[in-house]
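1. task: produce atomic coordinates for the following.
(chains A and B)
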Amino acid sequence: MSELTRRDVLKLGGAAATAGLGFPAVLRAQQKEVVMLGLWPFTGAFSDVGPVLDRGMKMALDERGMKVQGKSVKYITRDSETKAGSATRRAEEAVDSDGAKYIIGPWSSGVALAVSEVAKRKKVFHYFSGGTEDISGARCHRYSFQWAASPYTAAKTVVDTFMQANPKAKRWHLLVADYAFGWSVEKYVKEVGKGHGIEFVGADRHPLGEREFSNYVTKAAANKPDVVVMINFGLDAVTGAREIFNFGLTPKVPLILTWSSGVEELVQLNPEIRENMWVGSNFYYTADTPVAKEFVKNYQAKFGGPPGYAPAAAYGMTRMMLHAMDKAKSTEVPDVIKACEGLEVDDLVGRMRVDAKTHQTLRPYFFMRCKKKDAMKNPMDFADIVATGSTPLPAEYAACKDIGSL
Amino acid sequence: MSTALLFSQILNGLATGMLYALMGIGLSIITGVLNIPNFAHGALFALGAYLLYTVIQLVGNFWLALVLAPLGVGLLGVLIEYGGIRPLYKAGHDYQLLLTFGLSLIITEGIIIVWSPVGMSQLPPPLLRGGVNLGITFYPKYRLFVMLAAALLVLGAWLFLEKTRYGAIMRAGIEDKEMVSLLGIDIHRLFTAAFALGCVLAGIAGALTAPIRGLNPWMGVDMLGIAFVVVALAGLGNLLGSIVAGLLVGVAQSLVALVWPEASVAVIFAVMAAVLLVRPQGLFGIR
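-> Next comes the predicted model:
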């Protein structure tokens, strides 16, 4: 029996070590397929939204036959739980173990900011849609992109349009979700409001996941406002709107949902509660664009109801990422990032352009007015789009001074 | 701060506190008599709300729904105790605990399957919509109704437990099950009745809450936590303690929201920690 030479031992050891570290699997994955992670909240505060976000991303990938630039797409999902710790841990695992190079999600601004740091550290592409301005602002970097309109664009659209229709309604009471998204939007609602001479007679912040709104509504009523403005989202917005109705404020006093998911929230409220409600959103299913019409038609055929902001955002972000890959003619992250910077397409909500300096997607924001019960043509005919606005964040407010290098 | 605002906040606190008390009393009875922490209590609360919604959809009568929904939850309680908990009495505490935890998941998933994961709203009956001028402030009629209804139910539960023979047996069961059994009382029937009564109270709380907070499959999660806080504050099996604890939590939450809204949820657990530090057995508890 021949003895092992030193060279044989080194060869075997090297092979074993490589196998043990799992490199071949990831390398194979990199060559044959593009691994994309949908980081969605399947449990926790936004657990009702996770499955519809998943639908949106799948639909965009299915349209391409799960292929991009000649490579197969492997779509994987992880539960963000709407917890920064869980979301970052799972994103890192997906990158390290499954070879994920593209992350879309999660759904909460606070959690997304933590995931954005993972994208930067692991050098993977990250697209997010939400209300924080920090992803394309103070904490901008080359690996993360923001799909939702800037909070400034949203505030400008909502405040300007509402004041045009109600020029005398100058006493505003705000009810704000106490986290990154709420603070960003509140700042610009107040900023834009100054130009209209709006007096903010109250501004209460409530914790994420608040279920007892009577205490806030009592305070709002005591301020005798002309308008109640909520800057919150999901179940918080639904519970708040219901309580504002129960206390008899709406429909006498208009209620503005500044940054709503649209359909997902409106469907949970009775027409009586929705009366005199004005709603800002990054998407509404009657958006008059060819891509939106096709998407809405397919979504309704598949799931039986119109899509809200959540599936539309997941669909829209995935499409933007695929557009960038097409433009780059590559699926390598640095190429796709460079292609996405300055990308300009007519897509889901109209003309969309990614600002290369901030990674903010410049796009229209929708403002709707809910219909009275007798004006609804069907149970899902919630509102009319009364305005779309796309005023970008003025340069003096831009907090992303240097987006850095790859 | 105006007097009217303070008055309104106290009313809010009393209305929600009464609901917390109803949840707490139900949980306290179950935990006290059966000696198991019922983790399905929140899910049963949600089921009460969904049954109310369905009965209203079917027969269009809020008042009938308000009676039938809790009875439906109570009936399910009988089945759970008889078919699930009873076979596990000898298996021990941990198994019963796991069973109720599993049941909470099954009921929540059942709600999703039957009614969908998307939340819904239920308006109060037309008679109770809108507000009423109380002189010092304008207040929703439905919340006043909830306060009154919950107070009457709490009084009814107290009269039942304190003034009836079966109530006395139930209280004795909380104190010393073996002794009750030795006196020739059917302890299993007592357990079934206690579990069903606790479920009925959770169902009523859920049904009354539906027009205020709406419906979603996870609506019981917050309430379960609060119910445990009420039981911990009150002391096990203590009815009067549950009422005081429920009102204390509700009013504390409401008043904190007035001055420091961000802390209104945390204050519930802060109140519990503070009371337990001073009186580990709860406000009125003896064990």
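2. strands along chain B, start to end?
-> Here chain B has its strands, by DSSP state E, at B:131-133, B:138-140.
3. need the longest helix for chain A.
-> helix A:309-328 (DSSP state H).
4. what's the following helix or strand after that one?
-> helix A:333-340 (DSSP states H and E).
5. for that following helix, the averaged confidence score.
-> Confidence for helix A:333-340, expressed as mean pLDDT, is 98.
6. run through who's touching that helix.
-> A:101-102, A:123-125, A:142-143, A:145, A:320-321, A:323-325, A:327-330, A:354, A:359, A:406 (C-beta atoms under 8 Å, 6 or more residues apart in numbering or on different chains). C-beta coordinates here come from the backbone N, C-alpha and C atoms, glycine included.
7. quick one: buried ones out of the residues you listed?
-> Among these, those classed as buried by 16 or more other C-beta atoms under 10 Å in any protein chain shown are A:101-102, A:124-125, A:142-143, A:145, A:320-321, A:323-325, A:327-328, A:354, A:359.
8. that older thread, so can I have TSV of the strands of chain B showing mean pLDDT?
-> Listed next are the strands of chain B as TSV, based on pLDDT from 0 to 100:
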stretch	mean pLDDT
strand B:131-133	83
strand B:138-140	86
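9. so which of the ones you listed is the most surrounded?
-> strand B:138-140 (a mean of 23; mean count of other C-beta atoms under 10 Å in any protein chain shown).
10. okay, now the sheet partners of that one, with direction.
-> strand B:131-133 (antiparallel) (DSSP bridges).
11. dump stretch A:352-363 to PDB, keeping only the CA atoms.
-> Presented in PDB, the C-alpha positions along stretch A:352-363 are these (Å, rounded to 0.1, in the frame of the first residue of the first chain):
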ATOM      1  CA  MET A 352     -40.000  56.800 -13.000                       C
ATOM      2  CA  ARG A 353     -36.400  57.900 -12.700                       C
ATOM      3  CA  VAL A 354     -33.800  56.700 -10.100                       C
ATOM      4  CA  ASP A 355     -31.700  59.700  -8.900                       C
ATOM      5  CA  ALA A 356     -28.100  58.500  -9.200                       C
ATOM      6  CA  LYS A 357     -27.000  60.900  -6.400                       C
ATOM      7  CA  THR A 358     -29.400  59.700  -3.700                       C
ATOM      8  CA  HIS A 359     -30.900  56.400  -5.000                       C
ATOM      9  CA  GLN A 360     -34.400  57.900  -4.600                       C
ATOM     10  CA  THR A 361     -36.900  56.800  -7.200                       C
ATOM     11  CA  LEU A 362     -38.500  60.000  -8.500                       C
ATOM     12  CA  ARG A 363     -42.200  59.100  -9.300                       C
END
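12. so what's A:Lys371 up against?
-> Shown here is A:Lys371, whose contacts under the criterion C-beta under 8 Å, 6+ apart are A:271, A:274, A:381-384.
13. any stretches of the chain with poor pLDDT?
-> Going with chain A. A:1-31 (pLDDT under 70).
14. the chain in question should be chain B.
-> For chain B, the stretches with pLDDT under 70 are B:1, B:237, B:285-287.
15. get me the contact residues on it for chain A.
-> Within chain B, the positions adjacent to chain A are B:2, B:4-5, B:8-9, B:12, B:15-16, B:117-121, B:123-124, B:130-131, B:138-140, B:142-143, B:211-214, B:216, B:218-219, B:222, B:253-254, B:257-258, B:261-262, B:264-266 by C-beta under 8 Å from any C-beta of the partner chain.
16. quick one: which of these sit in helices?
-> Those of those lying in helices (DSSP H): B:4-5, B:8-9, B:12, B:15-16, B:142-143, B:211-213, B:219, B:222, B:253-254, B:257-258, B:266.
17. A:Pro167: which of the buried ones among the contacts of helix A:333-340 is nearest?
-> Nearest to A:Pro167, judged by C-beta to C-beta, of the buried ones among the contacts of helix A:333-340 is A:Val354 at 35.7 Å.
18. so what's the closest one closest to, chain neighbours aside?
-> A:Leu343 (4.7 Å; C-beta to C-beta, 6 or more residues apart in numbering or on different chains).
19. pretty sure the one you found is in contact with A:His359, am I right?
-> No - with contact defined as C-beta atoms under 8 Å, A:Leu343 does not count as touching A:His359 (10.6 Å).
20. who are the contact partners of the spatially most central residue of chain A?
-> In chain A, the residue lying closest to the centroid (C-alpha atoms, centre = their mean) is A:Ser129, at 2.3 Å. Applying C-beta under 8 Å, 6+ apart, we find A:Ser129 in contact with A:146-148, A:282, A:313-314, A:316-317.
21. for burial, what's the neighbour tally of A:Lys122?
-> By other C-beta atoms under 10 Å in any protein chain shown, 18 other residues sit near A:Lys122.
22. quick check: the residue nearest to it when sequence neighbours are not counted vs B:Val275, distance?
-> Nearest non-adjacent residue to A:Lys122, counting by C-beta to C-beta, 6+ apart: A:Val95, 4.8 Å away. Distance from A:Val95 to B:Val275, counting by C-beta to C-beta, to the nearest Å: 47 Å.
23. so the two - more neighbours on which side?
-> A:Val95 (22 against 19).
24. give me every residue that touches the more buried one.
-> Counting by C-beta under 8 Å, 6+ apart, the residues that A:Val95 touches are A:37, A:101, A:103, A:118, A:122, A:124.
25. re earlier: of the ones in helices among the residues of chain B next to chain A, buried ones?
-> B:4-5, B:8-9, B:12, B:15-16, B:142-143, B:211-213, B:219, B:222, B:253-254, B:257-258.
26. next, count neighbours for the residue in chain A positioned nearest to chain B.
-> At 3.4 Å from chain B, A:Asn215 is the closest residue in chain A, using C-beta to the nearest C-beta. Neighbour count for A:Asn215, taken as other C-beta under 10 Å: 25.
27. now do the SS call for it.
-> What DSSP: H, G, I helix; E, B strand; the rest coil gives for A:Asn215 is helix.
28. return the residues in contact with it.
-> B:9, B:12, B:253-254, B:257-258, B:261, B:264.
29. one step back: and the residue nearest to A:Lys122, how far from A:Tyr309?
-> From A:Val95 to A:Tyr309 the distance is 27 Å (C-beta to C-beta).
30. and the closest residue to A:Lys83 other than its chain neighbours, which helix or strand is it part of?
-> Leaving aside its chain neighbours, A:Lys83 sits nearest to A:Gly44 (6.2 Å; criterion: C-beta to C-beta, 6+ apart). Using DSSP H and E, A:Gly44 sits within no helix or strand.
31. next up, the contacts around A:Gly44.
-> Counting by C-beta under 8 Å, 6+ apart, A:Gly44 has contacts A:80-83.
32. would you point out which residue is most central in chain B?
-> B:Met23 (1.3 Å).
33. with adjacent residues omitted, what lies nearest to it?
-> The nearest residue in space to B:Met23 (C-beta to C-beta, 6+ apart) is B:Ala227, at 4.0 Å.
34. list the contacts for the one you found?
-> By C-beta under 8 Å, 6+ apart, the contact list for B:Ala227 reads B:20, B:23-24, B:26-27, B:41-42.
35. counting neighbours, what do you get for A:Leu343?
-> 23.
36. now it. Its backbone dihedrals?
-> Backbone torsions for A:Leu343, taken as degrees, to the nearest 10, come to phi -60, psi 130.
37. let me see the contact set for it.
-> A:Leu343 is in contact with A:320, A:323-324, A:327, A:353-354, counting by C-beta under 8 Å, 6+ apart.
38. and if you look at B:Gly26?
-> B:41, B:197-202, B:205, B:227.
39. by neighbours, which of the residues you listed wins?
-> Within these, most neighbours by other C-beta under 10 Å means B:Ala202, with 34 neighbours.
40. having no further points to raise, I will conclude here.
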